[in-house]
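Visitor: this one's sequence-less:
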């Protein structure tokens, strides 16, 4: 759209299709899986490079939103520059017209329920914070700066996650001067106790894209459907803010922001493959998957199994990206919830393990690990409920498809664990001591 290139538009349109998702997704899985076989040194460089590119993309978001979005009527002028004079106003008018008539206008007072529902995306995006611990056994001398990097990185990412939505929603609040020109809008808001600051252009645009479809919105604006920016994508609300003549910045922003998610794939590969390796090393999965490549020191069979699972997972994304995020978050919350509970009771039920910890801080005689574990269990249990509700009602009504899918994988894991527990016990393996051993570096 920025370069007025039909060829690029056609490519982008194909990428947005299910076929495009599958093809690109499988290519990414295979490529990153192959790179993972080369070991953590090379893989670490790949992750670092993608991370730097992603940081530039994040900064470009903040730059565009801060420099041009916060200008007076910045969003209005930006959208009208791309789609013609009055385009912004047409979206607002049509959304209110249909929403007030059909009683489904996407404008509501503040709701903690909706805020908690949105937490699914934030949790899903932040799961990677635990990735570093999965390669601890492969690092001979972890740098002392690792702890500082984790803490500093956490703070920076938290600030970005807070700043970006604040800027987007702040920039895309529909000006009161425009609302005053919409028939019945101010009366509707007053009757429903909704302040004008709760009317977001992003929500109105998404609403019309669902209500009218791309063809309907394109007809309203007088442009080809291919020229519409996709809803629910952050770059759709940064690119229009860039002044004419800076098409290169629009292209750069759209490209780099896409890499923000692309860089997650290597982290997922590390986590999943090392978990498979750990299962096998602990004799709760076929020992073949504990094999390590002599040259690259990577668990090659575990990586290949992860690659196969990744390809299968790409096919499952046909249900929607938010479904995949809710699905992943639900499983993550369940696992972390139990891990926190285990941490809370560990000092009392497995004192032998607790005594090996380098730090054993206590508050009023109670291990800090117990306090944090109990707190983490409660918080994660709360968000587990939120994610569970989302997967039941993802399609707008109560459905069992996604929960049954979840139950199948959890049940399969339980059967595998139970089978190996019985097998190891019959062979005389002391299962209790397995988890006191640390895999070799």
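Guide: Noted; the coordinates are in hand. Treat the numbers as computed from the prediction; the structure is a model and nothing was measured.

Visitor: now residue 194: which helix or strand?
Guide: Residue 194 belongs to no helix or strand when assigned by DSSP states H and E.

Visitor: phi first, then psi, for it.
Guide: phi -110, psi 120 (degrees, to the nearest 10).

Visitor: please renumber the chain so that the first residue is 44 from this point on.
Guide: Sure, I'll start numbering at 44, so the last one becomes residue 237.

Visitor: just give me the neighbour total for it.
Guide: 16 (other C-beta atoms under 10 Å). The C-beta positions use only the backbone N, C-alpha and C, and glycine is treated the same way.

Visitor: what's near enough to touch it?
Guide: 150-152, 231 (C-beta atoms under 8 Å, 6 or more residues apart in numbering).

Visitor: what's around residue 306, how many residues?
Guide: 20.

Visitor: measure it to residue 150 for me?
Guide: Remark: distance between residue 306 and residue 150 (C-beta to C-beta, to the nearest Å) = 35 Å.

Visitor: where's the residue nearest to residue 97 when sequence neighbours are not counted, which helix or strand?
Guide: Computed as C-beta to C-beta, 6 or more residues apart in numbering, the closest residue to residue 97 that is not its neighbour in sequence is residue 303, at 4.4 Å. Using DSSP H and E, the element containing residue 303 is helix 290-305.

Visitor: so after that helix, what's the next helix or strand?
Guide: Next along the chain from helix 290-305, counting by DSSP H and E, comes helix 307-324.

Visitor: show me what that following helix is packed against.
Guide: Applying 3 or more C-beta pairs under 8 Å, 6 or more residues apart in numbering; DSSP states H and E, one finds that helix 307-324 contacts helix 61-79, helix 83-107, helix 343-359.

Visitor: make JSON lines out of those and add mean pLDDT, distance to residue 421 and mean neighbour count.
Guide: Listed next are the helices and strands packed on helix 307-324 as JSON lines, based on pLDDT from 0 to 100; distance: least, C-beta to C-beta, whole Å; neighbours: other C-beta atoms under 10 Å:
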{"stretch": "helix 61-79", "mean pLDDT": "86", "distance to residue 421": "36", "mean neighbour count": "16"}
{"stretch": "helix 83-107", "mean pLDDT": "84", "distance to residue 421": "32", "mean neighbour count": "17"}
{"stretch": "helix 343-359", "mean pLDDT": "88", "distance to residue 421": "30", "mean neighbour count": "18"}
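
Visitor: quick one: which of the ones you listed is nearest residue 128?
Guide: Nearest to residue 128, of all those, is helix 83-107, at 22.1 Å by C-beta to C-beta.

Visitor: how far away is the closest residue to residue 49 other than its chain neighbours from residue 259?
Guide: The shortest distance from residue 49 to any non-neighbouring residue, by C-beta to C-beta, 6+ apart, is to residue 269 (7.8 Å). For residue 269, the distance to residue 259 (C-beta to C-beta) stands at 14 Å.

Visitor: again with residue 50
Guide: Taking C-beta to C-beta, one finds residue 50 at 26 Å from residue 259.

Visitor: try residue 251
Guide: Residue 251 is 7 Å from residue 259, by C-beta to C-beta.
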